[in-house]
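A.B. asks: Give me a model of this one.
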Amino acid sequence: MDSKEMKNQAEYIWNRLDDLAKNDPDAYKKFIEKQMEEQKIFTSSPEPRICLQTKALGNESEIVFINICAWKKIPYPETEDEPVKLFAGMKTSKKLKNGQTETVLPVAINDKLYEECTDTDLNKNALFGLILNLTEDTLKTKISRDYRNYKELYKGDLPADPRTLFITNSQIQNEKDILQMAQTVNSPEDLLKKLSMNEKTENGLDTAKIDTKFEMDELLGKRDEKKSKNKKDLIQEIKETNTDFSHLPRPEHTLTEMPKYNERPAKFVLKIKLPTVSSVAECDLNISEESVELIVEDKYYFTLTFPSAISEDDASAKFNKKTSCLTLNVPLK
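C.D. replies: Now for the predicted structure:
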């Protein structure tokens, strides 16, 4: 687009805005407020929340740090069926004098969703499991699930503009390109599209969201699996796997019926031993009022029909890392 075309577009935009301001001041005010709010979100920066430290499997000398950041710019799932969006940034590696290698990868998630997913240990472990899988896919190497929280919220030096952490090498050529991408808000074409749309909301404004310059590297798992009439997912699905699990071993288990006691309803307590499992993030657990199904990819497959109908909505699960035992408390109906 040459300078003359840009000038004509700018004049057209201002004329349309002037018309809107004269003919419908309220709609003009709402339109401007909406643009400013979207611009605020679009130009927001990722904020460090926690750093996970683990290591590469098969290479004890490689230490992996995952800087998890909350970022308003990452879309929040609009429905329970919409996949969670995780955004992996640019990795950096450094060779240390002792022969070890430090690899650092930034990962971003919507700020509101991060708070929701870290409110309980079960949800937090499931989220971190998704992030570990994304890290493996990004680094193209297997990493240990035996992670710990790094002593600082962020490993390394946080850049003055943290958004530059999430621009991949293929998207940039030089420092000028980085700044241009980090500061881009809306193009004139986007604004023209908004102003000329025939379909309006009830307040007369277009509801189309701003298109970002960044694409999510991975769509992993789901925030909440769609609840069917008879099913409830207790642990998020991490990724699609082969649906034939008949070749996997069935883990040892015990099922105990606990009678009603005072205010506590009668319940089943199911304990499943998973000796090679180190984290609940490896587990995919589904439960209905008649049965329970557990899948640990490439390790275990377990299914059980309950002797009596249970209340799946009140079921809870807890994983003990020390004993590698998954315990389900399932109230009877």
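A.B. asks: Number of residues surrounding the closest residue to F166 other than its chain neighbours?
C.D. replies: Leaving aside its sequence neighbours, F166 sits nearest to G89 (CB to CB, 6 or more residues apart in numbering; 4.0 Å). Any C-beta I mention is one placed from the backbone N, CA and C, and that applies to glycine too. For G89, the neighbour count with other CB atoms under 10 Å is 23.
A.B. asks: Quick check: the gap between G89 and T135.
C.D. replies: 11 Å (CB to CB, to the nearest Å).
A.B. asks: so what sits against both of the two?
C.D. replies: Listed as contacting both G89 and T135 by CB atoms under 8 Å, 6 or more residues apart in numbering are 105, 107.
A.B. asks: For N59, which non-adjacent residue is closest in space?
C.D. replies: T141 (7.5 Å).
A.B. asks: Contact partners for that neighbour?
C.D. replies: 56-57, 59, 62.
A.B. asks: biggest separation within these, which pair?
C.D. replies: Spatial extent of the contacts of T141 (CB to CB) is set by the pair L57 and E62 at 9.4 Å.
A.B. asks: what ranges do the helices span in the stretch 51-200 of the chain?
C.D. replies: 111-117, 121-139, 175-183, 188-196 (DSSP state H, counting those that start in this stretch).
A.B. asks: looking at the ones you listed, which has the lowest confidence?
C.D. replies: Of all those, helix 175-183 carries the lowest average pLDDT, namely a mean of 40.
A.B. asks: what element comes up after the longest helix along the chain heading to the C-terminus?
C.D. replies: Longest helix in the chain, counting residues (DSSP state H): helix 3-23. Sequence-wise, the next helix or strand downstream of helix 3-23 (DSSP states H and E) is helix 25-42.
A.B. asks: which strands and helices sit next to that following helix?
C.D. replies: helix 3-23 (3 or more CB pairs under 8 Å, 6 or more residues apart in numbering; DSSP states H and E).
A.B. asks: Can you pull out the low-pLDDT segments for the stretch 151-300 of the chain?
C.D. replies: By pLDDT under 70, the low-scoring segments of the stretch 151-300 of the chain are 167-244, 262-263.
A.B. asks: So, low pLDDT: which residues of the stretch 1-150 of the chain?
C.D. replies: 1-2, 38, 40-42.
A.B. asks: Settle it for me: which of L57 and E62 has more neighbours?
C.D. replies: E62 (18 against 13).
A.B. asks: So what does the residue nearest to P106 when sequence neighbours are not counted look like in phi/psi?
C.D. replies: Leaving aside its sequence neighbours, P106 sits nearest to G89 (CB to CB, 6+ apart; 3.8 Å). Geometry field for G89 lists phi and psi as phi -90, psi -150, criterion degrees, to the nearest 10.
A.B. asks: Help me confirm that G89 comes into contact with R163.
C.D. replies: No - applying CB atoms under 8 Å, one finds G89 not in contact with R163, separated by 9.4 Å.
A.B. asks: Next one: the residue nearest to F166 from I74, what distance?
C.D. replies: From G89 to I74 the distance is 12 Å (CB to CB).
A.B. asks: shared neighbours of the two, anything?
C.D. replies: Shared contacts of G89 and I74, counting by CB under 8 Å, 6+ apart, come down to A108.
A.B. asks: Show me what counts as buried in stretch 75-82.
C.D. replies: Neighbour-count burial for stretch 75-82, with 16 or more other CB atoms under 10 Å as criterion, is recorded at P77.
A.B. asks: Straight-line length of it, end to end?
C.D. replies: 10 Å (CA to CA, to the nearest Å).
A.B. asks: just how off-centre is it within its chain?
C.D. replies: Relative to its parent chain, stretch 75-82 has a centroid offset of 11 Å by CA atoms, centre = their mean, to the nearest Å.
A.B. asks: Then stretch 27-44?
C.D. replies: 25 Å.
A.B. asks: contacting residues for Y150?
C.D. replies: 50-53, 65.
A.B. asks: G89 versus that one, what's the distance?
C.D. replies: Y150 is 17 Å from G89, by CB to CB.
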